[in-house]
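Asker: predicted model follows, preceded by the sequence.
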There are 2 protein chains.
Amino acid sequence: MKFDIMRDRLLDGLNDVMKAVSSKTTIPILTGIKIDVTEEGMRLTGSDADITIQTFIPIEENGDQVINIAETGSIVLQARMFNEIVRKLPTNDVEIEVSNGFQTHIRSGKSEFHLIGLDPTEYPSLPEIAMDRQFAIPADLLKSIIRETVFAVATSESRPVLTGVNWQIKDEELICVATDSHRLAQRKTKLEQLPTDVHSVVIPGKSLNELNKVLGETTEPVQIVITSQQVLFKAENILFFSRLLEGNYPDTSRLIPEEFKTNITINGKQLLQAIDRASLLAREDRNNVVRFETLESNIVEISSNSPEIGKVEEQIQVESLTGENIKISFSAKYMMEALKAIDGQDVVIEFTGAMRPFILRSVHDDAILQLILPVRTY
Amino acid sequence: MKFDIMRDRLLDGLNDVMKAVSSKTTIPILTGIKIDVTEEGMRLTGSDADITIQTFIPIEENGDQVINIAETGSIVLQARMFNEIVRKLPTNDVEIEVSNGFQTHIRSGKSEFHLIGLDPTEYPSLPEIAMDRQFAIPADLLKSIIRETVFAVATSESRPVLTGVNWQIKDEELICVATDSHRLAQRKTKLEQLPTDVHSVVIPGKSLNELNKVLGETTEPVQIVITSQQVLFKAENILFFSRLLEGNYPDTSRLIPEEFKTNITINGKQLLQAIDRASLLAREDRNNVVRFETLESNIVEISSNSPEIGKVEEQIQVESLTGENIKISFSAKYMMEALKAIDGQDVVIEFTGAMRPFILRSVHDDAILQLILPVRTY
C-alpha cells in the first residue's frame, strides 16, 4: 500500500470514525482504525463492537485531487496515535506506505514516522445489511428527533432495554420513546415509505448520541435500514452501524394520562429559567426537587429551599390556567430537560393531581410529548 | 445593609475574587465572600488564606450609576452559591438586603432568594502593608515575567521553597528564577525605583498563576509592595495579596554554565513543533524523552522511539552550528515549555557535553535564560 493524501481531508475522515473507537475496548484490534485503499479512494473504519462508523474519501472531491494512489492495500493503525500524528504533521501533504508486512511509514515534509501496524484481516467485518428496505429522514430532522428523546433513557443498566430509545413504526408514523421509568419523552414523526415488516426496535442511547455528533445540520436525507439485530444510518460518504438492544420494550402508551384536572399554558423559556434558579438551592439538598404551585389570578410560584442555605421563590404570570389549583413537586433536572426538548416555545402542562404523572407539550403541535412523575413532598 | 447594583458589574467583581476562594479550605468562613458596602461603593474579598483578592466597585463608573446604596453594612455569603445565583438572575438590576442578623435577601425581577449569611466580623482581616516602598511593573510585562518563569517551579512538595518563584532585587534589576532541580527558568528585568531593603523573596507559583489570570493585558502599572511575609500587587480596583514561602532559595547562579562546546542557532517554532511530534511516540514510553543529534551540513535530527509502537525522525536545517557535534537526550516536556517561554523567536542553544546542563536563550537578548538537564540514554 502506498498513497499520498491531503492531510486536512484525512483529518476530517478520522474525526468521524474516531467517534466509534473506545479506549476501553477489550478487543485489541478495535483500538485501531482500519484503512482500505482501493482504486476509488480510501475507506476508514472505526468500531467499538456496538457502533461501527465507516467513511469514504474519494480520489477526487469538488474537482480537487485529494488522494494519489501508487499501490492499493489495507492496514490497521493505532487510532489515537495515528490521529494525533496526522494532526501534528508539518505539511498538508501526507505519504503513507506499508512495507515488510505491517510496517507503516508516514511522511510529511522532513518528518517521518514508522508505526507498527496490525493485521487488517483480523479486523471484524461489517454486518451485512441488504439496502433494499430503506427509508429516509433529513439529517436535521433526525438530529431533532434524537435530541428530543435520547436524554430520557435510563443511565442505570438495571433494565438494559431502557438504556435505548424505542423506535416504533405504526400507521406511517415513526414513534420514538425513551423512559427511565421516572419520566418519558415521546416524539411522533409522519414519514413516507416506512418499512412494513419492522414494528419496534430499541436503539442504544449511546449510539444515537454519537450519530447526532456525526451528522451535519443539513437537509440531506439520511437513509435508514433496520434489520433484526442492526440499524444502519447512511449519509453522504458515511455509514453508521449500531447494534440493537434485545428484550421487549415496555408498552408506554397506557402510562400517558388522557384526562386532566388542571391545564396551564406558560412561556417555556421563562419557566425553564425559573426552575434553573430554583434548582440552585434544591441541588444542595441532593434531591434537586422544586415546588410548583398555582396561585390566584394566573400566577404560578416556583420555589425550593435548603434548610442550611436558604430558600428561593419566584412568581410567573401564565398565559392561561384552567381547572383545579395544584401544588406539586418534581425533579428540577427532569423538568429542565423536558422544557429544553420542547425548545423555548409556549408550553402546555396538564396535571391530574399532585401524585399523578403530568405531561408537557408545545402549544403548536402534539409531535413532542414529555411526561414526568412528581415527587411526594407535601 | 441594603443596596441595588448592576448585575453585570457585580459579576465582574465576583469573577475576580472567586479566583482566591478554594472549596478545599479547612476554614469555614473562607468558603464565603465578604461584602462591605460603604458610602463609596462595594468591596468584595475572597481568600484561601494563602492568596487574598479584594476588588472595589465604586458607586459611579464611567459616568454610569452602578450602585445605589440605601444602607451600608457587611455580610459574608457562600461564594459559589452567591456567584451562581447572581449569574442566573433574571434582570440586570439586583437588590441585596441584610436583615435580622445575617438573613440576606437577593431580589431581581420576580425572583427572590433568601440566603443564610455568615458573620462578617469572623472573616480574617487583611495583612497590614505599608504602601510607602512600592515599585511598579506594567501589567503586560508582569504577565510575561510570570509566564516565562512560573512553569518551571517544582510541583512536588518535597522541597517546598522550590514550589515558588524566587524574586531577587540586585543592581536595579529584578531577577526571577524558578527551578524544579531538573530545569530552570530565569528572567531579568531592568526596573526603576526598586526597593533597596528587600533582596530575595519566594512567591508561591500558584499565587503567580492566579495573579496572571486576574491581570489584564494592559500597559497600566501594577504597584508592588514586598514585606517580610507578604507581597501585594495593586492594580486598578484590585488588591492581590499573597503570602511568601519561607526558607532559603538555593543559589542557582553557579548552576548556569559559562563556557560551551557547541553553539546552535535554530528557529524556535520549527524546533518546538518537531519536539511536539517526536514526543507523541516518546510519551507512550512514559519517560517522554527525545533525542537531539547534530548531523553534517547544519542539520539537526530530532528522534524518539517506542519499541511497541514505532519511531519518528525529523531533520531540521539550523541557522548556524559551531563547535563539537553533540548527541543528547532530554525531556520533551521541559524543552517545549522552555521554547514556549522564549516564544517562537530564533533561539540559541549552548551545550557543554551530553551529560551537562544546556541553556537556551533568544538570539535577540539575554533577558530570558532557560536551562535543562539532559537524560542519560546513549
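Answerer: Yep, that arrived.
Asker: helix, strand, or coil at the nearest residue to A:Ile51 once chain neighbours are set aside?
Answerer: Nearest non-adjacent residue to A:Ile51, counting by CB to CB, 6 or more residues apart in numbering or on different chains: A:Ala20, 4.7 Å away. (Glycine included, C-beta is placed from N, CA and C.) Secondary structure, DSSP: H, G, I helix; E, B strand; the rest coil: A:Ala20 is coil.
Asker: got the contact list for A:Ala20?
Answerer: A:46-48, A:51-53, A:210 (CB atoms under 8 Å, 6 or more residues apart in numbering or on different chains).
Asker: and with 6 Å instead?
Answerer: A:46-48, A:51-53 (CB atoms under 6 Å, 6 or more residues apart in numbering or on different chains).
Asker: same question, A:Ser362
Answerer: A:342, A:345.
Asker: and for A:Pro221?
Answerer: A:136, A:138.
Asker: the one 4 residues further on now?
Answerer: By CB under 6 Å, 6+ apart, the contact list for A:Val225 reads A:129, A:134, A:232.
Asker: kindly report the residues of chain A close to chain B.
Answerer: With CB under 6 Å from any CB of the partner chain as the criterion, chain A comes near chain B at residues A:84-85, A:88, A:110-116, A:276-277, A:280, A:310-315.
Asker: any of those buried? List them.
Answerer: A:84-85, A:88, A:110-116, A:276-277, A:280, A:310-315 (16 or more other CB atoms under 10 Å in any protein chain shown).
Asker: and which of the contacts of A:Val225 is nearest chain B?
Answerer: A:Leu232 (33.3 Å; CB to the nearest CB).
Asker: backbone dihedrals for the nearest residue to the closest one once chain neighbours are set aside, please?
Answerer: Spatial nearest neighbour of A:Leu232, chain neighbours left out: A:Val225 (4.6 Å); criterion: CB to CB, 6+ apart. Phi and psi for A:Val225, reported as degrees, to the nearest 10, are phi -130, psi 130.
Asker: repeat for A:Ile256
Answerer: Dihedral angles (degrees, to the nearest 10) for A:Ile256: phi -90, psi 120.
Asker: narrow the buried ones among the residues of chain A next to chain B to those in strands?
Answerer: Among these, the members found in strands (DSSP state E) are A:111-116, A:310-315.
Asker: so what's the residue count around the residue nearest to A:Ile33 when sequence neighbours are not counted?
Answerer: Excluding the flanking residues, the one nearest A:Ile33 by CB to CB, 6+ apart is A:Ala79, at 4.5 Å. As a burial measure, A:Ala79 scores 22 neighbours (other CB atoms under 10 Å in any protein chain shown).
Asker: tell me the contacts of A:Ala79?
Answerer: A:21, A:32-33.
Asker: tell me how far A:Asp197 lies from chain B.
Answerer: 48 Å (CB to the nearest CB, to the nearest Å).
Asker: quickly find the element holding that residue.
Answerer: Of the helices and strands defined by DSSP states H and E, none includes A:Asp197.
Asker: measure the spatially closest residue to it that is not a sequence neighbour to A:Val225 for me?
Answerer: Leaving aside its sequence neighbours, A:Asp197 sits nearest to A:Arg133 (CB to CB, 6+ apart; 7.1 Å). Counting by CB to CB, to the nearest Å, the gap from A:Arg133 to A:Val225 is 6 Å.
Asker: can you check which helix is longest in chain A?
Answerer: As assigned by DSSP state H, the longest helix anywhere in chain A is helix A:268-284.
Asker: shaky segments in the stretch 251-378 of chain A?
Answerer: A:284-286, A:344, A:378 (pLDDT under 70).
Asker: tell me where it has strands.
Answerer: In the stretch 251-378 of chain A, strands defined by DSSP state E, counting those that start in this stretch lie at A:262-267, A:289-295, A:299-306, A:310-317, A:320-323, A:327-331, A:346-351, A:358-362, A:368-372, listed in chain order.
Asker: and among those strands, the most buried is which?
Answerer: Mean neighbours per residue, mean count of other CB atoms under 10 Å in any protein chain shown, is largest over the strands of the stretch 251-378 of chain A for strand A:368-372, with a mean of 24.
Asker: so how far is that strand off the chain centroid?
Answerer: Computed by CA atoms, centre = their mean, to the nearest Å, the chain-centroid distance of strand A:368-372 equals 18 Å.
Asker: how about stretch A:269-285?
Answerer: Using CA atoms, centre = their mean, the offset of stretch A:269-285 from its chain centre is 25 Å.
Asker: now do the buried residues in that stretch.
Answerer: Per 16+ other CB under 10 Å, stretch A:269-285 contains these buried residues: A:270-284.
Asker: excluding its backbone neighbours, what's nearest A:Arg283?
Answerer: Excluding its sequence neighbours, the residue lying closest to A:Arg283 (CB to CB, 6+ apart) is A:Ala332, at 7.6 Å.
Asker: that neighbour touches A:Ala282, doesn't it?
Answerer: Yes: with contact defined as CB atoms under 6 Å, A:Ala332 and A:Ala282 form a contacting pair (5.4 Å).
Asker: so what sits against both of the two?
Answerer: A:288, A:290.
Asker: which residues does the closest residue to chain B within the stretch 151-300 of chain A contact?
Answerer: Closest residue of the stretch 151-300 of chain A to chain B, CB to the nearest CB: A:Arg277 (5.0 Å). A:Arg277 makes contact with B:88, B:111, according to CB under 6 Å, 6+ apart.
Asker: against B:Ile224, how distant is it?
Answerer: Relative to B:Ile224, and taking CB to CB, A:Arg277 is found at 41 Å.
Asker: hey, where'd the helices end up in the stretch 101-250 of chain A?
Answerer: Applying DSSP state H, counting those that start in this stretch to the stretch 101-250 of chain A gives helices spanning A:139-149, A:205-214.
Asker: could those helices go into a markdown table alongside mean pLDDT, mean neighbour count and distance to B:Ile299?
Answerer: What follows is those, written out as a markdown table (pLDDT from 0 to 100; neighbours: other CB atoms under 10 Å in any protein chain shown; distance: least, CB to CB, whole Å):
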| stretch | mean pLDDT | mean neighbour count | distance to B:Ile299 |
| --- | --- | --- | --- |
| helix A:139-149 | 96 | 20 | 50 |
| helix A:205-214 | 96 | 20 | 44 |
